[in-house]
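>>> I'll drop the sequence and a predicted model, then ask my questions.
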Amino acid sequence: MSAQYTSLQPLDFDRLLKLRLVVARVGELGLAGWWGTKDVLGSMGAMAYRRGFPRSHHWAQAKVVFEVARARCQERFPDPTAITLWSLPATVEEQFEHAWGRWIGENEAWKPFFDRLKEWKSPSLTEALKAFDLWSPGMDVATAQAAPATASLALGTFPSLDQASVDGLAVGFSFGQHGEPVVPFVRLQEA
């Protein structure tokens, strides 16, 4: 992604992580089936990954599903200029990766979230975002539009990436059908 795009408004990276985790979990096989991971963020994944990563298995599980989701979305909508939930501007992805170390250090604080995620069994992203207290008023607007007839959903062009646009990138997945994700994307105006 081009370095000319920058985020001018601060994002809530904890919220971004939670949005990615919830979308990742709902998209697993056995739920919405948007990507090829099966229960990696569920009970089976926790049990399997705990053996190799006893203290950081939640984070290893998340990394795997995030990468599979990113690859699946690039396969469905291979536009390198589009910004998706899994492919944010380079500066934002760097900040997200930087926060990763802090989150691992706060492992006990995140455990209840991962435990709830592990038990999540519904393929409804809307239901999941509400259950995890991630629903925002902008999500009502984003989901009120007509379902796209393609594998992608254009949410617009913005001067910068803010929390509302990231929320849209997450909730836009709710237009996906079982096994067929709709990839929501935005474009940023060039600086």
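All right, it came through fine. Numbers count the residues shown, from 1 in each chain.
>>> Please make it C-alpha for all contacts and neighbour counts, starting now.
Fine.
>>> Mean confidence (pLDDT) on stretch 11-22, please.
Here the mean pLDDT over stretch 11-22 is 97, rounded to a whole number.
>>> where along the protein do the strands fall?
152-158, 183-188 (DSSP state E).
>>> buried ones in the lowest-mean-pLDDT helix or strand in the chain?
Here the helix or strand of the chain ranked lowest by mean pLDDT, DSSP states H and E is helix 137-144, holding a mean of 84. Applying a neighbour-count criterion of 16 or more other CA atoms under 10 Å, the buried positions in helix 137-144 are 139, 142-143.
>>> just stretch 141-160 next, same as before
142-143, 152-153, 160.
>>> So which of the residues you listed is the closest to His98?
Ser160 (20.5 Å; CA to CA).
>>> Might one say that that closest one is in contact with Leu188?
Yes. With contact defined as CA atoms under 8 Å, Ser160 reaches Leu188; the gap is 6.0 Å.
>>> give me the low-pLDDT residue ranges for this protein?
For the chain, the stretches flagged by pLDDT under 70 are 1-9, 191.
>>> Kindly list the longest helix within it.
Taking residue count as the measure and DSSP state H as the definition, the longest helix of the chain comes out as helix 57-76.
>>> what's next to it, contact-wise?
Residues lying outside helix 57-76 but in contact with it, judged by CA atoms under 8 Å, 6 or more residues apart in numbering, are 20-21, 24-25, 27, 34-37, 40-41, 45-46, 49-50, 53, 86-87, 104, 114, 151-152, 181, 183.
>>> and if you look at stretch 34-47?
If you take CA under 8 Å, 6+ apart as the criterion, stretch 34-47 is touched by 25, 27-30, 57-58, 61-62, 65, 68-69, 72, 114, 117-120, 176, 178-181.
>>> So among those residues, which ones count as buried?
So, by 16+ other CA under 10 Å, the buried ones in the contacts of stretch 34-47 are 25, 27-30, 57-58, 61-62, 65, 68-69, 72, 114, 117-118, 120, 176, 179-181.
>>> end to end, how far does stretch 112-130 reach?
16 Å (CA to CA, to the nearest Å).
>>> tell me how far it is from the chain's mean position?
The gap between where stretch 112-130 is centred and where its chain is centred comes out at 13 Å by CA atoms, centre = their mean, to the nearest Å.
>>> Then stretch 138-145?
Put simply, stretch 138-145 sits 17 Å off its chain's centre (CA atoms, centre = their mean).
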